[in-house]
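In: need coordinates for the below:
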Amino acid sequence: MSHSLRLDRGEIEPILVSALIKRGITTSRAGLCARLFTEASLDGVYSHGLNRFPQFLGMIDRGIVLPDKEPSLLSSAGIFETWDGNLGPGNLNAWASMGRAIELARETGLGIVSLRETNHWMRGGAYGLQAARAGCMGICMTNTKPNMPPWGGREAAVGNNPIVLCAPDEPYPVLLDMAMSQFSYGKMNVHRQRGEKLPFAGGYDNSLEMTDDPAAILESELAVPMGYWKGSGLAILIDLFVATLSGGLTTPEIGVREEEYGVSQLFMAFDLDRLTGQGESIRVLEAIKASLLQTAAIEEGGQVLYPGQQTWERRQENERKGIPVDRGIWKRILEANE
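Out: Residues are numbered from 1 along each chain as shown. Next comes the predicted model:
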C-alpha cells in the first residue's frame, strides 16, 4: 500500500480551517493559514506544508503559538518599520509583514519590515511569492534555534537560518528558498519518513561522523552548513541582521528556551514599477534563463534548471492528480479535528 494518498485542495482546506477555528483562530485568518499550508504541499514543499500542520497545532495546544495574537507596530522610519509578532501564528505574521513591506514599496520603491517575537514561518517561499505576485522582487530571512555547528565546531551553536529571494516571472516566479544547512530539517524528515538516504552526506551523527542517514542527523541536530564555511558565515550574518534590525532574539538566546519560539525575521520588497519597470525585469530574467537552459548538462539527458522551475512542474502535476498527503499525517490531522 502506498504511504500517501492524493487529495484535492477542496477536500483539504476545510478540514484545516475547522481545526484552526477550534483552536481560537478567526475564520478569515484560519482560511489564509490553511491556504498557506495547502499551497506549500501543492507546490511540492511537503516538509513545510501539510506534514508540518500537526506540529503547528501542537504548538498552539501547548501555548507556544498564541492563535488570537496579531503583529503590532513598534516603530517607523520612512521605508523601514519594526513590528512585534506577539508570538502569533508564524505564517500569518510573516504574510502580514511582507504585505506591509509591499505597501511601503508602493510609496517609495522599497519597503522593509523587521519582525520580532514571532514563530516559525513554515514555508518561507510563500512570502517571496507574495511579493512577486504583487509585482515586486522579494527577500526575506529568519533565524532559528541552534541546530547546526559553525564550520570547525562540534556542537550546534548557529541556526540554519533560511533566506528567500524571489522575482516575478510567468508562469511561475523565479524562487530560491533555502536554509543554510545542506538539507533543511523538514526535508530530512521527509527522507526519514520514506526510509530514504539523503542524496549525499548532510550532517554528522552522534559520533561526529559525516552521514547520509537523515535519522542520525535529526537525532544529533548537527546538519552540515551548505558550502561548509560559506554557509556557516551566511547563517551567522543572517542572525546578526534579523536580530539587530528587529531588536529581537538571536539564535543563542532562542536556544535557551525549551522550544523554538520568539524568532526574528526581516522582509524586503522592491516595487519594480517604481524602480526599473517590469520590462527591464523581464529582459534580464529572459536573458539569464536562456543562458541557463542552453547550458549542457553533465548527465546524458539531464537538464540545467533555474530556481522555481521544478516547483512549477510539481504544482501542475499536483493540480492534475491531487496533492500527495502522507496517510499517517492525514490521520493525525483528522484526529486533531475531532
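
In: make sure Leu334 is indeed in a strand.
Out: No - per DSSP: H, G, I helix; E, B strand; the rest coil, Leu334 lies outside any strand segment and is helix.

In: ok, Cys136 - contacts?
Out: Residues near Cys136 by CB atoms under 8 Å, 6 or more residues apart in numbering: Ile102, Ala105, Pro168, Ala269, Phe270, Asp271, Leu272. All C-beta spots, glycine's among them, are computed from the backbone N, C-alpha and C.

In: how about the strands in the stretch 51-200 of the chain?
Out: Along the stretch 51-200 of the chain, counting by DSSP state E, counting those that start in this stretch, strands occupy 72-77, 80-84, 110-118, 136-142, 163-167, 174-178.

In: got a list of contacts for the second one?
Out: The set of residues that contact strand 80-84 without belonging to it, under CB under 8 Å, 6+ apart, is 71-76, 96-97, 100, 104, 112-117, 245-247.

In: any of these buried? List them.
Out: 71, 96-97, 100, 104, 112-117, 245-246 (16 or more other CB atoms under 10 Å).

In: as CSV, the residues you listed with pLDDT and distance to Gly90 would be great.
Out: Below are these laid out as CSV (pLDDT from 0 to 100; distance: CB to CB, whole Å):
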residue, pLDDT, distance to Gly90
Pro71, 98, 11
Ala96, 98, 11
Ser97, 99, 10
Arg100, 98, 16
Leu104, 98, 21
Ile112, 98, 19
Val113, 99, 14
Ser114, 99, 15
Leu115, 99, 10
Arg116, 98, 12
Glu117, 98, 11
Leu245, 98, 18
Ser246, 98, 14
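
In: redo those residues as TSV? Include distance to Leu334.
Out: Shown next, in TSV, are the buried ones among the contacts of strand 80-84 (distance: CB to CB, whole Å):
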residue	distance to Leu334
Pro71	31
Ala96	29
Ser97	32
Arg100	35
Leu104	41
Ile112	41
Val113	36
Ser114	38
Leu115	33
Arg116	35
Glu117	32
Leu245	41
Ser246	37
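
In: out of those residues, which two sit at the greatest distance?
Out: Every pair in the buried ones among the contacts of strand 80-84 was compared (CB to CB); the two farthest apart turn out to be Leu104 and Glu117, at 20.8 Å.

In: of all the buried ones among the contacts of strand 80-84, which comes closest to Gly88?
Out: Distance to Gly88 across the buried ones among the contacts of strand 80-84 (CB to CB) is lowest for Pro71, with 6.9 Å.

In: which residues does the nearest residue to the closest one once chain neighbours are set aside bridge with?
Out: For Pro71, ignoring the flanking residues on the chain, the nearest one in space by CB to CB, 6 or more residues apart in numbering is Trp83 at 4.5 Å. Here Trp83 sits in beta bridges with Leu73, Leu115, as judged by DSSP bridges.

In: and Trp83, how close does it get to Gly255?
Out: Per CB to CB, to the nearest Å, Trp83 is found 23 Å from Gly255.

In: next one: Asn51
Out: Taking CB to CB as the measure, Asn51 falls 24 Å from Gly255.

In: these two - which one has more neighbours?
Out: Asn51 (21 against 17; other CB atoms under 10 Å).

In: quick check: the nearest residue to that one once chain neighbours are set aside vs Leu218, distance?
Out: With sequence-adjacent residues excluded and distances taken as CB to CB, 6+ apart, Asn51 is closest to Ile329, at 5.5 Å. The gap separating Ile329 from Leu218 is 17 Å, by CB to CB.

In: of the contacts of Cys136, which is the nearest to Leu129?
Out: Of the contacts of Cys136, the one sitting nearest to Leu129 (CB to CB) turns out to be Pro168, at 9.7 Å.

In: neighbours of that closest one, how many?
Out: The tally of other residues near Pro168 (other CB under 10 Å) stands at 21.

In: which pLDDT value belongs to it?
Out: Pro168 is assigned a predicted lDDT (pLDDT) of 96.

In: I appreciate the help and will end here.
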